[in-house]
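A.B. asks: The sequence and its predicted three-dimensional model are supplied below.
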Protein chains: 2
Amino acid sequence: MIEPIRWSKEGVRILDQTLLPSRVEYVICRDYHEVADAIRTMKIRGAPAIGIAAAMGVALGAKGIDEEDRDRFFHEFGRVCQEFLSTRPTAVNLAWAINRMKAVICKEGEFSLECARESLLCEALRILDEDIRTNMLIGKHGEALISSGQRILTHCNAGALATGGYGTALGIIRAVWDAGKRISVLADETRPALQGARLTAWELIQDDIPVTLITDNMAGECMRRGMVDAVIVGADRITTRGDAANKIGTYTLSVMARTHNIPFYVAAPVSTIDFDLELGDDIPIEERGSEEITHINGKRIAPEGIGVFNPAFDVTPARLISAIITEKGIITPPYEDSIYKLKHS
Amino acid sequence: MIEPIRWSKEGVRILDQTLLPSRVEYVICRDYHEVADAIRTMKIRGAPAIGIAAAMGVALGAKGIDEEDRDRFFHEFGRVCQEFLSTRPTAVNLAWAINRMKAVICKEGEFSLECARESLLCEALRILDEDIRTNMLIGKHGEALISSGQRILTHCNAGALATGGYGTALGIIRAVWDAGKRISVLADETRPALQGARLTAWELIQDDIPVTLITDNMAGECMRRGMVDAVIVGADRITTRGDAANKIGTYTLSVMARTHNIPFYVAAPVSTIDFDLELGDDIPIEERGSEEITHINGKRIAPEGIGVFNPAFDVTPARLISAIITEKGIITPPYEDSIYKLKHS
């Protein structure tokens, strides 16, 4: 089983995704700065996974606050949380996980700081456990949408590596495969960080699920040729109207899917929904450094002096999303209503 | 001035585009097999450029046929032509150039073989010269379509490097720039061979034309953000109905441009029109090796055992093309009529 993140006695153990698929190596983050750095440098990535990493990082940070004075402890704890909130802006799971961690501290207000530290660790482990079960439920719900023989296009990596395990979009693909349906997957390589080529391809090969790799600019042509029966992607943040931020290129896929009458599904836990945000245009979109585009494997591919634009995500408008698959079930348009009901269910 | 190909005393001198932008190196092809190999391995690429290379290769091949017997000479000459025809299937300019070379031989039927060899070389040099003048005319016609301040998206490399010099799509951009209009260019990196990142970016930097590099999957989002006023691409083959084969990803760009009401222009010489083909679906689409996708700079990026689909081109249907810019002028829909008129003008 792929374990992207785990708590260990030495600290937070993270599978270094920047080295996959050529090397399977783990890093041990012994203080919370190292966890935050692993998130920033994409050793661990994917909205649910960075939520879990932040939770574990906060637990690790709390462990390391050498204060017995409550006020000073809480002040330091706030700084730890703030460091994680600033690592990556788009995925709302990060704020969601940190809010859960903060809520523990409030609840534990009457207890000793030692007890608070223990409770924080318990909460982080609970977030991890829940995430894996959540993904299995997403898989179970989503499985009903896919028939044997279908060919599924996916983008980036919304797999075990992007979560606590099992995956969201790839969780559905795993559930469909485990149900005995003979499907195959078309994986976009997903430039610039190549999560499709490096991570999704690796995961699916491990599970013996048939997968074919294409470059991002081939997806539309594959749709036109009738090679795609459904598109399933993950999400980094979904608004109450159903607009969904996901890896750059997802918006284009949604337009192409609609053009070719192919269903376009978003698979995500409820924690990916930002109940405080209505419009996709208000989702903060992270821009990353130019080297991600100008260099591959440390080698320059573009000329010196070239300007670069590198938005890491885009927003797919709700009208182009056929359904959103959550652990609580499949929701369909109008999303204002179905997401409202989900919140209050 | 960028000179992708030139005839020299030693043979055909080709700027090795696989080494750009990090190294500017020329290879001298001393026999026609080496020219054919340079085309196959994409040391030289781009529909007009491979037409020129094939013409020079045929001239070089004829020079090397050590036969004084006319029949045996013509037999060998046929084999030379055949080798070039089989190098790459999609661009029609290859067949067009070879047909021009064959026509010389027919005309020269009454002359000595020595004279035929000379005439073949003259014809190849004429094809090169004409191509550069053709591109300047394409630039002149296309310039009228673009206003100062506009931002132009281009895909792959339809520049000086893809032609005898000056370029088709980039020829228009050069003409617009030289007319004093302050434009800027957004260049798709164009996986798998990265012609945008390696070649288009390099060409435009040489000419001090503002250029920003993006990955292919960012183009749609740039359009949505209002960062693109026009798309200009080249073509490898255009049918009499106006369907245009071009680098993989072009079809997706055309759909996205239409979705965002952005004009989508194809720039190509008349030699790119296949007057014998009506339907885009009948254009042969080259599939290239899997290593282009699984490896970058010789280093593996995808896991061992991954299946790959690597079509090098796709076809943009005529209905998504706002205009085709040729050396004979700008043609617009209905293309059946305008291309028919072009043929008989």
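C.D. replies: Nice, thanks for sending it over. Numbers count the residues shown, from 1 in each chain, chains lettered A, B, ... in the order given.

A.B. asks: Return the distance of A:D229 relative to A:I324.
C.D. replies: 19 Å (C-beta to C-beta, to the nearest Å). No exception for glycine: its C-beta is placed from N, CA and C like everyone else's.

A.B. asks: give the contact list for A:T87.
C.D. replies: The contact partners of A:T87, taken as C-beta atoms under 8 Å, 6 or more residues apart in numbering or on different chains, are A:36, A:39-40, A:50, A:54, A:94.

A.B. asks: where does it land on pLDDT?
C.D. replies: With respect to pLDDT, A:T87 scores 97.

A.B. asks: and what of A:E108?
C.D. replies: 62.

A.B. asks: which parts of the stretch 151-300 of chain A sit against chain B?
C.D. replies: Neighbours of chain B within the stretch 151-300 of chain A, by C-beta under 8 Å from any C-beta of the partner chain: A:186, A:188-192, A:194, A:197-198, A:201-202, A:205, A:210-222, A:224, A:248-249, A:251-252, A:255-256, A:259, A:293-294, A:296-297, A:299-300.

A.B. asks: Could I get the phi/psi values of the closest residue to A:H295 other than its chain neighbours?
C.D. replies: Of all residues not flanking A:H295 in the chain, A:I301 sits nearest, at 6.7 Å (C-beta to C-beta, 6 or more residues apart in numbering or on different chains). When read as degrees, to the nearest 10, the backbone of A:I301 gives phi -110, psi -20.

A.B. asks: A:I301 is in contact with B:G196, isn't it?
C.D. replies: No - A:I301 is beyond contact range of B:G196, at 10.2 Å (criterion: C-beta atoms under 8 Å).

A.B. asks: Between these two, point out the one with more neighbours.
C.D. replies: B:G196 (26 against 19; other C-beta atoms under 10 Å in any protein chain shown).

A.B. asks: from what I can see the more buried one touches B:A187, true?
C.D. replies: Yes - if you go by C-beta under 8 Å, B:G196 and B:A187 touch, sitting 4.6 Å apart.

A.B. asks: which residues touch A:I132?
C.D. replies: Contacts of A:I132 (C-beta under 8 Å, 6+ apart): A:163-166.

A.B. asks: residues near A:R241, how many?
C.D. replies: Using other C-beta under 10 Å, A:R241 has 17 other residues around it.

A.B. asks: Starting from chain B, give me the distance back to it.
C.D. replies: Taking C-beta to the nearest C-beta, to the nearest Å as the measure, A:R241 falls 17 Å from chain B.

A.B. asks: What values do phi and psi take at that residue?
C.D. replies: Main-chain torsions, A:R241, degrees, to the nearest 10: phi -90, psi -10.

A.B. asks: Ok, A:G289 next?
C.D. replies: Note on A:G289: its backbone torsions stand at phi -60, psi 160 [degrees, to the nearest 10].

A.B. asks: And for it, the neighbour number?
C.D. replies: So A:G289, with other C-beta under 10 Å, has 11 neighbours.

A.B. asks: Contacts only, for it.
C.D. replies: When contacts are counted by C-beta under 8 Å, 6+ apart, A:G289 touches A:N310.

A.B. asks: same deal with A:R300?
C.D. replies: A:294, B:22.

A.B. asks: That one bridge partners, please.
C.D. replies: Beta-bridge pairing for A:R300 (DSSP bridges): A:H295.

A.B. asks: List the ones among the residues of the stretch 151-300 of chain A next to chain B that fall in strands.
C.D. replies: In this view, those that belong to strands under DSSP state E are A:186, A:188, A:211-214, A:296, A:299-300.

A.B. asks: how about JSON lines for those residues, with distance to B:C122 and pLDDT added?
C.D. replies: JSON lines is the format used below for those (distance: C-beta to C-beta, whole Å; pLDDT from 0 to 100):
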{"residue": "A:L186", "distance to B:C122": "50", "pLDDT": "98"}
{"residue": "A:D188", "distance to B:C122": "49", "pLDDT": "98"}
{"residue": "A:V211", "distance to B:C122": "53", "pLDDT": "98"}
{"residue": "A:T212", "distance to B:C122": "48", "pLDDT": "98"}
{"residue": "A:L213", "distance to B:C122": "47", "pLDDT": "98"}
{"residue": "A:I214", "distance to B:C122": "44", "pLDDT": "98"}
{"residue": "A:I296", "distance to B:C122": "44", "pLDDT": "94"}
{"residue": "A:K299", "distance to B:C122": "43", "pLDDT": "93"}
{"residue": "A:R300", "distance to B:C122": "42", "pLDDT": "96"}
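
A.B. asks: Just the buried residues out of those residues, in PyMOL syntax.
C.D. replies: A single PyMOL command selects the buried members of those (16 or more other C-beta atoms under 10 Å in any protein chain shown):
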select buried, chain A and resi 186+188+211+212+213+214+296+300
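
A.B. asks: what ranges do the strands span in the stretch 51-200 of chain A?
C.D. replies: Using DSSP state E, counting those that start in this stretch, the strands found in the stretch 51-200 of chain A span residues A:151-154, A:184-188.

A.B. asks: nearest to A:P21, of those strands?
C.D. replies: Distance to A:P21, taken as C-beta to C-beta, is lowest for strand A:184-188 among the strands of the stretch 51-200 of chain A, at 12.3 Å.

A.B. asks: Kindly spell out which helices and strands sit in contact with the closest one.
C.D. replies: Under the contact definition 3 or more C-beta pairs under 8 Å, 6 or more residues apart in numbering or on different chains; DSSP states H and E, strand A:184-188 sits against strand A:151-154, helix A:201-206, strand A:211-214, helix A:219-224.

A.B. asks: how far is the second one from where the chain is centred?
C.D. replies: Spelled out, that is helix A:201-206. 17 Å (C-alpha atoms, centre = their mean, to the nearest Å).

A.B. asks: What of the first one?
C.D. replies: Average the C-alpha atoms of strand A:151-154, do the same for its chain, and the two points are 18 Å apart (C-alpha atoms, centre = their mean).

A.B. asks: who's in contact with it?
C.D. replies: Counting by C-beta under 8 Å, 6+ apart, A:146, A:169-170, A:173, A:176, A:183-188, A:196, A:200, A:219, A:222-223, A:227-233, A:253 sit against strand A:151-154.

A.B. asks: Residue in the stretch 1-150 of chain A with the shortest distance to chain B?
C.D. replies: Closest contact between the stretch 1-150 of chain A and chain B, by C-beta to the nearest C-beta, is at A:P21 (4.0 Å).

A.B. asks: What residues does that residue make contact with?
C.D. replies: Contacts of A:P21 (C-beta under 8 Å, 6+ apart): A:198-199, A:201-202, B:302-303.

A.B. asks: Tell me the secondary structure at it.
C.D. replies: coil (DSSP: H, G, I helix; E, B strand; the rest coil).
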